[in-house]
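Asks: Quick one, fold the following:
(one chain, ligands or ions: 1)
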Amino acid sequence: MKKISIIIPFSHYIHYLEECLDSLKVSAFQDFETLLVVDKEHDNVDPIIKKYPFVRLIQTDVHGVAACRNVGLAHAQGEYVYFLDADDYVLENTLGLLAEAAKGQDIVYGRVAHTWNNKANYLEKIENKEIDPEDEEEKEQMRQQKIDSYKEKNPNVDPVQLRAIYYLLRVKHGIRNVTVLGVLYKTVFLRMYSFKFHEEFRYYSDMTFLCPVLEHIRSEAYVEDAVYVKRKHNDPINYPALSQEENDDRFYERIRAVEYTRNTITSDGIVRYYLDFKIVHFFTRKMAKRIRRSQDERWRNEYFQAMIPCIENCRPEVLDELNHSNRKLVQALLNNDLNGVQKEVRWVLGKKKLKRVFKNKNTAYKLAYFHRYLKKPIKDNVILFETFMAKNYSDSPKYIYEYIAQHYPEYECVWAINDGAKIPYGAKCVKRFSFEYAYYLAVAKYLVFNVRPPLWYRKREGQVFLETWHGTPLKRLVFDQQEVTSASPKYKQQFYKQRQDWDFLVSANPFSTKTFRSCFMYEGKMLEYGYPRNDILYWPNKDEIAKDLRKKLGIPTDKKTILYAPTWRDDQHYGSGQYKFELALDLHLMQERLSDEYVVLLRTHHYISDKIDVTGMEGFVYNLSDYDDISEIYLISDICITDYSSVFFDYANLKRPILFYTYDLDKYKNQLRGFYIDMNTEVPGPLLYTSEEVVDAIENIDKITEEYKERYDTFYSRFCCYDDGHASEHVAKALLGKE
Ligand code: C2G
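Replies: The predicted model follows:
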């Protein structure tokens, strides 16, 4: 007999299954059987399953997690049963730690950790202390204090049950967090009472199994380090986990599952007390807010009515222990007083908002946005522009603006800009996250952004949003990214919502059009005119502009210039939007071998907060990282070195040599992002891996230009085919409906 039967219900998302089974394959403890119970509506598992001969495949004609788990229970032959979901994984020591502690107790449980990451990145985060074991200790202590205080007040309660309830019913969390995961259940104990999941429930079946189990346990053990890793899906749009699925039945199912579970446990036991506690808190913490705020009327009608009997059936002490405001809420519900509930929520939320404003006065503009500015009429002749979160005056919005300012002066243009840069043609400047900014976000008819607006922006009916984006995609983006190593884990979800606001998206070439459709899941209007920011590269006076700029920046006229413009690295950051950059290019070597003929123009990405130290190299290295517009810098660059930045798609318009310094290609490609095109065969220049190779290439630039000529030409016709110096004009006309 094996020590553990692992039951994995499987239905969809085959791409997660492999990591789940891999985690079992490499587990230090191997005394287990794996039952993969396959739902009747499953994805085809055959291609994967061959790689894991230890898996016992059980094909069923049942549907749903609950039913598959029940099938697994019937087949389990191990001393203990452990449920593992096909999109989750365990750590190497998890099963061993649990098995070691399992000495005949009814249940043995560990911790359930939630993450957005795959296993490699999760482990890296632990190693880098981004997941802090001290936080866990603190949580653990708080839990223990709660348990102790409950015990003091209720000396008759069984401490075995109490601790298990705290951990497994997850008393501090919402009702959807009740989980059977992370626990060894003794098989004979389960069979003695015939515990089963109620198969009618899609979302809340865990509580139908767990509550009766908790009611009957007589012995237990807890192993804090036995971690079950629950993966939150970073793409709830295409691959939602059950907990992320939005479904009309969800509300009623929650109530039905609570009522059903109540009937399977004793009415005056502690499990019942906490079950009632959870449903009451669902009402006070979540539902009451929805009753006030939701666009969906059902919260104020059907759902409100359905909740009344459910709360009426709660144990009285649960209601007695509520604080004043929550008691008022519940009382209003029980009196069928919808207005009373709404009034109380308004009062509580209002207080919270005020507190927040007092604590952080900087957010007051948001209140003004929602409560005043959104009520003002939209101004038909106002256009708000923003580039790179108001960090500079550049990129496509700059060129669109200049075209509009010259040709349609009747429009009032406003720029969001933080450092008070001088904007030509007299545009009004506002600081991002100020009252004025919030005002123009609300009343401007037209908005032109090259990244996304703040998350709190609400597009109004009548507003026209032009998203220019900021580069032809080389790195995989949004929905084409498997892991989101940087940004918020909710990135995909937020993106999905925000891109619904776009009326126009600018595309620089057919490749971008195709890729943007997939990576942004964008179906709206695409403006396929080239990049407005590249117009300058075709202007007839571009040589004069270059000459003036060289003079302005003090770059010697007798030297050629090498632009080094690398991108940022998703995994190297200090905090949100603040990235580290360690210069891997040996500028001293370049100075030694190239300074007779060249100077270097260094340009870091706007995300990089590190200032590269170039002391000692004055006169050879010019740090132009703070210069607003890279398009102007292209004009004064004779050679461009980049890595995975989209700069080369734009620079190629000049048909000047491009080198790729790709010292961390494997990591970038395989771990961080992945690419849309083959760096080895499709980019218009050589991949170089050391500073020596870069310097050699520059010394032999004519030879390299010759060598890559054919590839460059192919690249140019594929990616620079729309740019002709008139993109701003076309885009501006499309935006303003002047075509
Ligand atoms: N950029 C710059 N200096 C750099 C790198 C980039 O000024 N050293 C500017 C260029 O205009 C570039 C844009 O920022 O085209 C975007 O930078 P990327 O390095 O390509 O990176 P990212 O901001 O992640 O955008 O589809 C494009 C992608 O979204 C990439």
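Asks: on contacts alone, who are the packing partners of the longest strand along the chain?
Replies: Identified as the longest strand of the chain according to DSSP state E is strand 220-231. Secondary-structure packing of strand 220-231 (3 or more CB pairs under 8 Å, 6 or more residues apart in numbering; DSSP states H and E): strand 89-90, helix 94-101, strand 107-115, helix 159-168. C-betas here are computed from N, CA, C, even on glycine.
Asks: worst average pLDDT in the ones you listed?
Replies: Least confident of the helices and strands packed on strand 220-231, judged by mean pLDDT, is helix 159-168 with a mean of 89.
Asks: Distance from the longest strand of the chain to the middle of the chain?
Replies: Taking CA atoms, centre = their mean, to the nearest Å, the mean C-alpha location of strand 220-231 is offset from the chain mean by 25 Å.
Asks: same deal with stretch 569-589?
Replies: In terms of CA atoms, centre = their mean, the centre of stretch 569-589 is found 22 Å from the chain centre.
Asks: Equivalent analysis for stretch 189-200, please.
Replies: For stretch 189-200, the distance to the chain centre is 37 Å (CA atoms, centre = their mean).
Asks: Stretch 724-739 too?
Replies: Centre-to-centre, stretch 724-739 and its host chain are 33 Å apart (CA atoms, centre = their mean).
Asks: quick revisit: turn the helices and strands packed on strand 220-231 into TSV, including mean neighbour count.
Replies: Formatted as TSV, the helices and strands packed on strand 220-231 follow (neighbours: other CB atoms under 10 Å):
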stretch	mean neighbour count
strand 89-90	26
helix 94-101	21
strand 107-115	21
helix 159-168	20
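Asks: now these as CSV including distance to I608?
Replies: Listed next are these as CSV, based on distance: least, CB to CB, whole Å:
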stretch, distance to I608
strand 89-90, 34
helix 94-101, 39
strand 107-115, 27
helix 159-168, 43
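Asks: Against the ligand, how distant is R293?
Replies: The gap separating R293 from the ligand is 34 Å, by CB to the nearest ligand atom, to the nearest Å.
Asks: That residue - how many residues pack around it?
Replies: With neighbours defined by other CB atoms under 10 Å, the count for R293 comes to 13.
Asks: ok, now D570?
Replies: The number of residues near D570, taken as other CB under 10 Å, comes to 19.
Asks: going on from the host helix or strand of A288, what's the next piece of helix or strand?
Replies: If you go by DSSP states H and E, A288 is part of helix 288-293. Sequence-wise, the next helix or strand downstream of helix 288-293 (DSSP H and E) is helix 302-312.
Asks: How about the secondary structure of K355?
Replies: Following DSSP: H, G, I helix; E, B strand; the rest coil, K355 is assigned to helix.
Asks: just to revisit the earlier point, quick one: the longest strand of the chain to helix 94-101, angle?
Replies: Interaxial angle, strand 220-231 versus helix 94-101 (axes from the mean of the first three to the mean of the last three CA atoms, to 10 degrees): 170 degrees.
Asks: and the helix or strand following strand 220-231, what does it pack onto?
Replies: Using DSSP H and E, the next helix or strand after strand 220-231 towards the C-terminus is helix 250-262. Helix 250-262 sits against helix 205-216, helix 270-281, helix 302-312, with contacts defined as 3+ CB pairs under 8 Å, 6+ apart.
Asks: The same query, at a cut-off of 6 Å, please.
Replies: helix 205-216, helix 302-312 (3 or more CB pairs under 6 Å, 6 or more residues apart in numbering; DSSP states H and E).
Asks: Just the residues contacting the last one, thanks.
Replies: Where contact means CB atoms under 6 Å, 6 or more residues apart in numbering, the residues beyond helix 302-312 that reach it are 251, 255.
Asks: again with stretch 274-294
Replies: Residues contacting stretch 274-294 (CB under 6 Å, 6+ apart): 165, 169, 171, 175, 258, 299-300, 314-315, 318, 326, 329, 341-342, 345.
Asks: Which positions within the helix or strand of the chain with the lowest mean pLDDT qualify as buried?
Replies: Ranked by mean pLDDT, DSSP states H and E, the weakest helix or strand in the chain is strand 573-575, scoring a mean of 75. Across strand 573-575, burial judged by 16 or more other CB atoms under 10 Å covers H573.
Asks: Could you identify the helix or strand that succeeds it?
Replies: Next element after strand 573-575 (DSSP H and E): strand 578-579.
Asks: What average pLDDT does that following strand get?
Replies: When pLDDT is averaged along strand 578-579, the result is 82.
Asks: now stretch 335-350
Replies: 92.
Asks: Tell me the pLDDT of the nearest residue to L57 once chain neighbours are set aside.
Replies: Ranked by CB to CB, 6 or more residues apart in numbering and with sequence neighbours excluded, the top spatial neighbour of L57 is L36, at 5.4 Å. Per-residue pLDDT puts L36 at 97.
Asks: that's a helix at L36, yeah?
Replies: No: the assignment for L36 (three-state DSSP) gives strand, which keeps it out of a helix.
Asks: my read: it touches F54, true?
Replies: No: judged on CB atoms under 6 Å, L36 makes no contact with F54 at a distance of 10.2 Å.
Asks: Would you mind telling me which of those two has more residues around it?
Replies: L36 (26 against 11).
Asks: got the contact list for stretch 2-16?
Replies: By CB under 6 Å, 6+ apart, stretch 2-16 touches 31-39, 42-43, 65, 68-69, 72, 76, 78-84, 86-87, 99, 239.
Asks: check contacts around A444.
Replies: 382, 384.
Asks: Now do the residue lying farthest from the centre of the chain against the ligand, distance only.
Replies: In the chain, counting by CA atoms, centre = their mean, D558 sits farthest out from the average C-alpha position, at 48.4 Å. Noted for D558: a distance of 26 Å to the ligand, by CB to the nearest ligand atom.
Asks: Renumber starting at 353 from here on
Replies: Got it, the first residue is 353 from now on, which makes the last one we talked about D910.
Asks: Would it be right to say that that residue lies in a strand?
Replies: No: counting by three-state DSSP, D910 falls outside a strand, being coil.
Asks: Right, I'll leave it there.
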